[in-house]
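J.: 3D model of this:
(chains A, B, C and D)
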2 protein chains.
Amino acid sequence: MRSPKLTKLELKVMEALWNNGASSIREIQETFPEDKRPAYTTVQTTVYRMENKKVVHRVKKIGNAHIFDAAVSRDAAHGKLIDNLLNIFGGSVQPVMSHLIETGKLTMGDLEEARETLRRISTKET
Amino acid sequence: MRSPKLTKLELKVMEALWNNGASSIREIQETFPEDKRPAYTTVQTTVYRMENKKVVHRVKKIGNAHIFDAAVSRDAAHGKLIDNLLNIFGGSVQPVMSHLIETGKLTMGDLEEARETLRRISTKET
DNA sequence: TAGTATCTACTACAGTCATAGTAAATAAAA
DNA sequence: TTTTATTTACTATGACTGTAGTAGATACTA
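T.: Prediction:
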């Protein structure tokens, strides 16, 4: 299992670690907007579970506080999410593209950019 | 709630309904590949739950069997999934495109096609 | 009509998740 | 050093999910 499935809350924890680097439970908790900040112990429980799943790990101890860090990269995790979605669509990107276009989320500019990226890669690879 | 979140199994049930139209529990169950076909009652329970969520509904009764049909369109459900994913990426399509390109899932042909679709739409809309 | 097959409705159960409380340990402050 | 604040480790709980069994109703068949 390259990287296990992450839940919504777990992803938020990962975001905190990806953005701010290794952090204590308290630090992770405080990245949540004040009005929707889960209790300290909620974050704690989640992080412990993530530790079991091996997606975060303890890197050191400061005072009595453990410091955790991400054990999977943002790209890996995000890639997993995308592949997952794609699977639901039978692995075809076409329906995804259609939806993005129809909802106006994909602009000509995005396409141009993608085109460039693709060209650059294929030139390098060939 | 436009359309509630659907789980993996629920989506498979929806697929069955979208593909084959209104169906009985038995018919839905039989769309699963034989080697990974859940028990009749598993499908039944799932469909009942989906009925509560209002994503399917009973359309008629044949013999003693109820016939269910989808109450949300494939596009709506799929759109929901995509939007959901996009939210995780802060609403930006860019990281998604990058991943698709990097994993070779998005080809130049796909881009051309998307380009065409986009052009056609914007011409019509403008 | 009696027996067999099918379906519904209900119940059960274990796993995961989001949520959080509490007791005990540890560290910091007065 | 006694008090106060912070952390850890453990426990609890209520949704939701995937899984499926069972009793009773209904329909089909010989």
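
J.: which residues of chain A lie near chain B?
T.: For chain A, the residues found near chain B under the criterion C-beta under 8 Å from any C-beta of the partner chain are A:11, A:75, A:78-79, A:81-83, A:85-86, A:88-89, A:91, A:93-103, A:105-108, A:110-111, A:113-115, A:117-118, A:121-122. In short, each C-beta sits where N, CA and C put it, glycine included.

J.: now, which of the residues you listed lie close to DNA strand D?
T.: Subset of the residues of chain A next to chain B in contact with DNA strand D: empty, counting by C-beta under 7 Å from any atom of the strand.

J.: can you flag the buried ones in the residues you listed?
T.: Buried members of these, counted by 16 or more other C-beta atoms under 10 Å in any protein chain shown: A:78-79, A:81-82, A:85-86, A:88, A:93, A:95-101, A:105-106, A:110-111, A:113-115, A:117-118.

J.: okay, and which of these map to helices?
T.: Those of these mapping onto helices are A:78-79, A:81-82, A:85-86, A:88, A:95-101, A:110-111, A:113-115, A:117-118, per DSSP state H.

J.: report all helices and strands that the helix or strand of chain A with the lowest mean pLDDT contacts.
T.: Among the helical and strand segments of chain A, the one scoring lowest on mean pLDDT, DSSP states H and E is helix A:108-125, with a mean of 87. Helix A:108-125 makes packing contacts with helix B:94-102, helix B:108-125 when contacts are defined by 3 or more C-beta pairs under 8 Å, 6 or more residues apart in numbering or on different chains; DSSP states H and E.

J.: who wins for proximity to DNA strand C among those helices?
T.: The closest of the helices and strands packed on helix A:108-125 to DNA strand C is helix B:94-102. By C-beta to the nearest atom of the strand, the value is 21.0 Å.

J.: that closest one vs chain A: in contact?
T.: Yes - contact of helix B:94-102 with chain A is found when judged by C-beta under 8 Å from any C-beta, involving B:Q94, B:P95, B:V96, B:M97, B:S98, B:H99, B:L100, B:I101, B:E102.

J.: which strands or helices does the helix or strand hosting A:A76 pack on?
T.: A:A76 belongs to helix A:74-88 when elements are defined using DSSP states H and E. Here helix A:74-88 touches helix A:8-20, helix B:74-88, helix B:94-102, going by 3+ C-beta pairs under 8 Å, 6+ apart.

J.: what sits up against that helix?
T.: Taking C-beta atoms under 8 Å, 6 or more residues apart in numbering or on different chains as the criterion, the residues outside helix A:74-88 that touch it are A:2-3, A:5-6, A:11, A:14, A:18, A:55, A:92-93, A:96, B:8, B:11, B:78, B:81-82, B:85, B:88-89, B:95-96, B:99-100, B:103, B:105.
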